[in-house]
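J.: Sequence below, structure please.
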Amino acid sequence: QVRLVESGGGLVQAGGSLRLSCAASGFTFTYAAMGWFRQAPGKEREFVAAITRGTLYADSVKDRFTISRDNAKNTVYLQMNNLKPEDTAIYHCAAERAGALTSSKSDYDYWGQGTQVTVSS
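T.: Residues are numbered from 1 along each chain as shown. The predicted structure follows:
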């Protein structure tokens, strides 16, 4: 059974930092591309970052967020610095089994339930 479990969300002031984690199981993590997406109220789910051996970022988070992975722990991370109120959203972890570095949510096979990030001004 595939599981993606996010943690690390919370309430933070603008300019602060958070580190999200996503623990994966039930598929071959090493081969998969891992991504982070976010969804704010009333908006579509949007791409944030993805990682295989390389990384890919949305322009809105480049130079503020860093995605990383630990294949020994089957875990992917999202370090978020200099947070802004517009970063407020539910953050979802996703896995793409074929290992393609992609920003398209339709390419991802598995999804976590998400963790809430709220940034106050």
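J.: So which residue is dead centre in the protein?
T.: Trp36 (2.2 Å; CA atoms, centre = their mean).
J.: so what's that one scoring on pLDDT?
T.: Looking at Trp36, its pLDDT stands at 98.
J.: Nearest spatial neighbour of it, chain-adjacent residues omitted?
T.: Leaving aside its chain neighbours, Trp36 sits nearest to Val48 (4.3 Å; criterion: CB to CB, 6 or more residues apart in numbering). Just so you know, the C-beta spots here come from the backbone N, C-alpha and C atoms, and that holds for glycine as well.
J.: Can you verify my assumption that that neighbour contacts Ala58?
T.: Yes - the pair Val48 / Ala58 is scored as a contact, 5.5 Å apart, by CB atoms under 8 Å.
J.: between those two, which one's more packed in?
T.: It is Val48, of Val48 and Ala58, that has more neighbours when counted by other CB atoms under 10 Å, with 24 against 16.
J.: ok, and for whichever strand or helix holds that one, which residues are buried?
T.: Per DSSP states H and E: Val48 is located in strand 46-51. Buried residues in strand 46-51, counting neighbours by 16 or more other CB atoms under 10 Å, are found at 47-51.
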